[in-house]
Structures are given as structure tokens and as C-alpha cells.
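Peer 1: dropping the sequence and predicted coords here.
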Amino acid sequence: MSKLPFQTLKAFSDAHPKPSNRHFQYGTAGFRTLGSTLDSVMFRVGVLAGLRSKRLDGKTIGVMVTASHNPEQDNGVKLVDPRGEMLEASWEGHATVLANAATTDEFLTALDALVKAVKIDVSKPARVVYARDTRSSGPALVAALEDGFKALGIEARDAGVTTTPILHYLVKAINTKGTPESYGEDSEDGYYKKLSGAFKKLVAGKTEPEPLVIDCANGVGAHAAAKLAEYLGNSIPLVLENIATSTPGVLNESCGADYVKTTQRLPPNLVDKLKPGQRACSLDGDADRLMYYYLDERGHFYMLDGDKIAALVAAFIVDLVRLAGLDSEIKVGVVQTAYANGASTKYLSERLPVKCVPTGVKHLHHAAEHYNIGVYFEANGHGTVLFSPTTQEKLAKHEPSTPAQSTALNHLINLTQLINQTVGDALSDMLLVEVVLTHKSYSGVEWNSLYADLPNRLVKVVVSDRNAFRTEDAERRLVSPHGLQTRIDELVRRYGGGRSFVRPSGTEDVVRVYAEASVRSQADGKDYPHVIGTSTYVVFVTELAFRVAGLVYDEAGGDPSRRPKEFL
Ligand SMILES: CC(=O)N[C@H]1[C@@H](OP(=O)(O)O)O[C@H](CO)[C@@H](O)[C@@H]1O
Ligand SMILES: [Mg+2]
């Protein structure tokens, strides 16, 4: 077995020293922190991507440079495995070890140890495809990444500035090229062709929808949405907003899917642009999350989040499977996290199997793989639908006995092409939503009325050590700090039996508190400070969230003089 090119690695590594005062962690979203601190991490991830590829016999690994919905000065990097899915969990640990080696010598020693531990044949070829979002720190960080590729002699393909889901698509398309499982042409154009082609077939013969407004978060989704619009032609009119991708300071600023979800508000600059009832949606900074919404005649804002998307899509697919005459053979299931609105869980559980898993796309994705058709969405708008390989075969081979069965079957087959099954994809999900709304002749109002959201509130608590918080039962209960869960349970009972849970964030140095009322909101017309919306239950749930946040803060030994004043 040949050895790693230590001399070359050393020379390159010396040019990318690790900042001594930083600890890096490969978390739910890869490495993500201030862009200005990430040079050494990028270089090392470049080398690691090559080793991952060698370990997998030269299959192409994806590398995405993005910090998604986070502030513009942040950046990050994550690896994509050959089938287009997230990096295998055990390698997250290897990534963290390499990123934290203090010196070049330690880095080389860690590389050597990794090669031995996971039995990498370094003589194998290494291939990667990489891309970045529109952040201004991107080019320099990509240069560091490319040094990692050069240091290991990796065959690297630059996919340029593009969305995270397009990069995932490319990885899968490259690795399945020329095989019976070919995922599509391995180019960005191939992606637009595949999605737009399937969309046009799915809406053929239906009335053209009203224009859809897309808030592109001033991010890379603006580029992709503009190209997609060309391919879609007049099958759906798209109006693109927040497309200033080269203006400093505007990325994700008061716009984008995360802003909409966390503030439960319309991006302020859309206020005058939406007509009552007009459908609109927001992408996040790397276009893998999607939020829909509309305003009513009085200008009230209604949000259709990931849970509402899951409800809409799952019900539609269940219907199609039944209409195709396949309901005894193909079972549809849904995967959610603890953040799913309780009303959505109730709505879905009454219709099909629903599973709750810990936060983070990889958990949802893996759980969804266990269904014949698995629909997964996080409340924040990240999700997709997976058709198992045997289900796809069944669809291809099934012989319909009536014209109605044949139509439903074709719709299902076209959905497998429309949906980006590698990862949540805002643009693909948007077209999916549009297909369902068109087929059902739903406006946002009808969609929204599938169920009424329970009022809820999410609060962040800054603590000195979030690792002191450990959970069980898909993060719905705390096992440590000892006794805290019991006190939360008591509070929840006092507030009329809603729901609240506490978990450490995997992407930020905070503990998150979620609280939800048990009864749906009825507007009482009053205004309350610190409160989103106007209803007694919203006030209740806000109070509950801030009480739990107070408990968490005090339990974690927070400084009383800096205790946020809204905590109760
Ligand atoms: C409450 C919430 O929205 N949490 C988000 C957030 O994770 P945290 O572990 O909660 O920081 O970022 C993840 C990555 O984008 C996303 O998967 C998840 O849903
Ligand atoms: Mg994102």
C-alpha cells in the first residue's frame, strides 16, 4: 500500500495554519462559524474529502461551502456522500479531529492514523465536486479547499456558485452516470431540465396558476430560480424578489425562510408587493429550505411551514397511491421532529404512520428510508420525499387496469423525477407544492385550513456549557441536568397541559426551548409585548416558554445580573 504524499501535504498545510484559540466541530450542518476563521478547516476538509473518496473506491464526494440561513459573515463547509446524502456519521468525528490538530505535524499524524484506522488504500483515485454559495468570504475559502485537493492529488470538479441541493444532485448524477439508476444529466442544466420536464408533465392540461412570488433571501437561490424560470417558461409565472446577491450586508437580512419562520412575519420589503391571497414563498441562503405564506384581505399574515407542506404533500401522495391501485403494496409514512406543530402531528397521525426523530436532516432522511414512500419535513421548511428503490421498480412495472389508475401511476412516476430525493430542496419542493395546489385547485386559504396551528414559541438560552443538557425520546425529554424535566412538566401542567421541551442546539452555542399551547389560537384583538400574534393562548405559550427559559438559565448557573429580562 502506498503512502500519503507527506512532503506535499506538509508544504500546503504550513500555508493554512490552524488559529490557536479555536475549537471546530463538525455538527449537524458540517463546520459552520465566522468565515474569517475557516481557512485551515477548508484546507483540511479538502484533504478529508479526498480520503473519503479513496475509501469509497474513487466515488465522487461533494463539498459545499455555505452557511445557509446564518448571517453573511458566517461560512461553513459540509461533505456529501456518493448517493447525494449527508456524510456518514462516523466521519463527522474524523473531520473534527483533523480540524483541531494544533500543528501541521499533528495534522499529518492524524491523517496517518485515520488512513490506518479506516483502512484507506491511498493508491486509489480520489474525486470530488465542489460548490459555494454567494457569500463574499467564499472565493478565498474555496481557494483553501482547492489547496487541500492539490495536496492530495484529487481530481476536482468546480461546480461554481450554486445551491446546496444542486450540489447534492450533481454528486448523485455523477456517481450514477451510465448506470440503470442514472439520476439525470450530471450538470446544472440537467437538473433544471429534469425538474421542469417533470413539472410540465404534472400540470399538463391544468389552468395556468397565478404568479408565485419568491423571496430569494438575496442568496444563491436567486441565480437558480432565475435559470429554473427560463426552463419552466409559461407553465408557471414566477416573480423573483430579494435577488441582490452581490450587495454586501443583505443576505438573509430581514428576508428568507429562516426569518419568516422565526419571526412568523412577512419579509418587510414584500409588504407592498403581495396582493391579498397571492401565494408567496421564501428560500433560505443556500435554497434548501422553503416557507410559503399569504396575506388575507385585511393584510393578516398566514404562514405555511414545513409541517403544512408535509401535510399537503403526504395526503396527495396517499391519494395517488390509492388511485393507482397500489395501496396494498406501497405504504406512505411521515417523519417529523419534536418541533413539528402538534396540530400537524395530529392531522397526519390520523391518516398515516408518523415517526418522530431527533433534529437534523440526516435523522429524518434515514428514518424516511424505512418507508416505501417516506415524506419528511422539519417545521423550518427543510424536507423531501423518498421513494425506495423497490417502490420505484413497482411503479415502473405496474400495469394499471383502468385509465384512472394509469393517470395516477404516471403522476407518481413524474413525482419521482420532480422531487430531489437526495436532500431538502426549496425549488424542487416549491414545484411539488405548486403541483398539489394546481391538482386540488387550492389557494393558500384551503391549504392552510387542513389544520389550525397550535400557538408556539421558540426561545434561545445562552448557557456556559450546553453539553450539560442531554435528552432522550427523540429529544422530547431531558435526562440531565437531573430533575429539570420534572420541573418543566410541572410548569406545563400549570399552563393547561401544552407541550414544552428543551434541547441543546447542534449548530449554535445555545440551548433551545420550545413551548406550544394545547388549544388553538382565537384572536382576542389585544396587543401584548414580546408576543407574536394576538391571542390568549399565544400569551400563555410565550409566558410558558420564558418560564422554562428562566429555569434553564438558572439551572445552568447563568449570571443573575445578565439574565435576559423577558425570562420569567
Ligand atoms: C429548531 C431548528 O430549527 N433547528 C434547526 C437547527 O438545528 P439546531 O440543532 O436546533 O441548531 O439547524 C439545523 C441545520 O440547519 C436544522 O436541521 C434544525 O432544524
Ligand atoms: Mg439551508
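Peer 2: Perfect, I can see it now. Numbering: from 1, shown residues only. Ligands and ions are numbered 1, 2, ... in the order given.

Peer 1: give the contact list for the residue of the stretch 51-200 of the chain found nearest ligand 2.
Peer 2: Nearest residue of the stretch 51-200 of the chain to ligand 2: Ser68, at 3.2 Å (Cβ to the ion). In this view, the C-beta of every residue, glycine as well, is placed from N, C-alpha and C. Going by Cβ atoms under 8 Å, 6 or more residues apart in numbering, Ser68 touches 29, 32, 76, 133, 164, 284-286, 288-289.

Peer 1: can you narrow the residues you listed down to the ones near ligand 1?
Peer 2: With Cβ under 6 Å from any ligand atom as the criterion, the contacts of Ser68 include Ala29 near ligand 1.

Peer 1: the contacts of Ser68 also near ligand 2: which ones?
Peer 2: 284, 286, 288 (Cβ under 5 Å from the ion).

Peer 1: the last one reaches Thr163, doesn't it?
Peer 2: Yes: with contact taken as Cβ atoms under 8 Å, Asp288 and Thr163 are classed as touching, separated by 7.0 Å.

Peer 1: now the common contact residues for those two.
Peer 2: Common neighbours of Asp288 and Thr163 (criterion: Cβ under 8 Å, 6+ apart): 425-426.

Peer 1: and the average pLDDT for the helix ranked longest in the chain is what?
Peer 2: Longest helix of the chain, by residue count under DSSP state H: helix 536-555. Across helix 536-555, pLDDT averages out at 90.

Peer 1: so that it lines up with my notes, have the first residue be 44 from now on.
Peer 2: Got it, the first residue is 44 from now on, which makes the last one we talked about helix 579-598.

Peer 1: what helices or strands is that helix leaning on?
Peer 2: Applying 3 or more Cβ pairs under 8 Å, 6 or more residues apart in numbering; DSSP states H and E, we find helix 579-598 packed against strand 499-504, helix 527-537, strand 542-547, strand 554-559.

Peer 1: how about the residues of this protein near ligand 2?
Peer 2: Neighbours of ligand 2 within the chain, by Cβ under 5 Å from the ion: 111, 327, 329, 331.

Peer 1: the same query, at a cut-off of 8 Å, please.
Peer 2: 72, 109, 111-112, 207, 300-301, 327-332, 425, 467 (Cβ under 8 Å from the ion).

Peer 1: hmm, which of those is lowest in pLDDT?
Peer 2: In terms of pLDDT, the lowest of these is Ala72, showing 88.

Peer 1: dump the residue contacts of the nearest residue to that one once chain neighbours are set aside.
Peer 2: What sits nearest to Ala72 in space, not counting adjacent residues and going by Cβ to Cβ, 6 or more residues apart in numbering, is Thr550, at 5.2 Å. Contacts for Thr550 (Cβ under 8 Å, 6+ apart) come out as 70-72, 75.

Peer 1: distance to Val581, secondary structure and neighbour count added to the residues you listed, as CSV?
Peer 2: Formatted as CSV, the contacts of Thr550 follow (distance: Cβ to Cβ, whole Å; DSSP: H, G, I helix; E, B strand; the rest coil; neighbours: other Cβ atoms under 10 Å):
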residue, distance to Val581, secondary structure, neighbour count
Gly70, 32, strand, 18
Thr71, 29, coil, 17
Ala72, 30, coil, 22
Arg75, 32, strand, 24
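
Peer 1: and for Thr205, the neighbour number?
Peer 2: Here the count is done by other Cβ atoms under 10 Å, and Thr205 has 25 residues near it.

Peer 1: hang on, the earlier thing: and which of the contacts of Thr550 is nearest to Pro396?
Peer 2: Nearest to Pro396, judged by Cβ to Cβ, of these is Thr71 at 24.9 Å.

Peer 1: let me know the secondary structure of the residue of the stretch 494-611 of the chain found nearest ligand 2.
Peer 2: Proximity of the stretch 494-611 of the chain to ligand 2 (Cβ to the ion) peaks at Thr550, 10.6 Å away. Using DSSP: H, G, I helix; E, B strand; the rest coil, the structure places Thr550 in coil.

Peer 1: ok, Gly328 next?
Peer 2: Using three-state DSSP, the structure places Gly328 in coil.
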